[in-house]
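Chemist: I need the structure of the sequence given here:
(one chain, ligands or ions: 1)
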Amino acid sequence: MKIIVISDIHGSLYYIRKIKDIIDRSNVDKIILLGDLYYHGPRNPLTEEYNPQEVANVLNNYKDKILCIRGNCDAQVDEMISDFRFSDNIRLEINKKRFFFTHGHKYNENNLPENIDVIVYGHFHTGFIKKIGDIICVNSGSISLPKNNTPNSYLIIDNEYINLIDLDEHVIDKIKFN
Ligand SMILES: [Mn+2]
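Modeler: Okay, here's the model as predicted:
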């Protein structure tokens, strides 16, 4: 099982095309979107080649592989132009570890849900991997609008490792979860 995790696209056609190339080359089984897909949001500038409708068209091609989380910028109209469903949180067991995927505005390293081994979120546009007690906390960063001098980033999760990766496909950090 190989999963790519992408967050905070915020309507950037430029960056969704970059990540599309990576998806098409890397043979992933699932694509998890951590929210804030289309709208740039009132706190952010317009992203590069801002074009929410085209971003939706690109993502809709992958609807059978997508698991999508609702972000705090995702409205009902965003769900209407998407051929996949939005969830508030997704729990998945990967190699016997309990993963919790969420946007990050509600649950994050400061507000951990119960009964998990790994929490994965976005929202803060700052990628990292850290441990809090026994729990692995991972932020994918933002694919199109990174903050705090972090690179544009995404995650690849396989059966053993969580990898934080930049758009040049360099591994920024990784952790063995199993
Ligand atoms: Mn957000």
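
Chemist: ok, the nearest residue to residue 70 once chain neighbours are set aside - contacts?
Modeler: Leaving aside its sequence neighbours, residue 70 sits nearest to residue 86 (C-beta to C-beta, 6 or more residues apart in numbering; 4.2 Å). Any C-beta I mention is one placed from the backbone N, CA and C, and that applies to glycine too. The contact partners of residue 86, taken as C-beta atoms under 8 Å, 6 or more residues apart in numbering, are 68-70, 74, 78-79.

Chemist: do you know how far residue 86 is from the ion?
Modeler: Residue 86 sits 13 Å away from the ion, going by C-beta to the ion, to the nearest Å.

Chemist: For beta bridges, what are the partners of that residue?
Modeler: residue 68 (DSSP bridges).

Chemist: what's the spacing between it and residue 76?
Modeler: 9 Å (C-beta to C-beta, to the nearest Å).

Chemist: same question, residue 140
Modeler: Distance of residue 140 to residue 76, computed by C-beta to C-beta: 24 Å.

Chemist: Name the nearest residue to residue 23, sequence neighbours excluded.
Modeler: Among residues not flanking residue 23 along the chain, residue 4 sits closest, at 6.1 Å (C-beta to C-beta, 6+ apart).

Chemist: What is the neighbour count of the one you found?
Modeler: 22 (other C-beta atoms under 10 Å).

Chemist: do residue 131 as well
Modeler: For residue 131, using other C-beta under 10 Å, the count is 10.

Chemist: Repeat that for residue 95.
Modeler: Neighbour count for residue 95, taken as other C-beta under 10 Å: 12.

Chemist: Check residue 119 too.
Modeler: Residue 119, neighbours per other C-beta under 10 Å, totals 24.

Chemist: Bridging across strands, which residues link to it?
Modeler: Going by DSSP bridges, residue 119 forms beta bridges with residue 100, residue 137.

Chemist: same check, this time on residue 32
Modeler: Residues in a beta bridge with residue 32, per DSSP bridges, are residue 5, residue 67.
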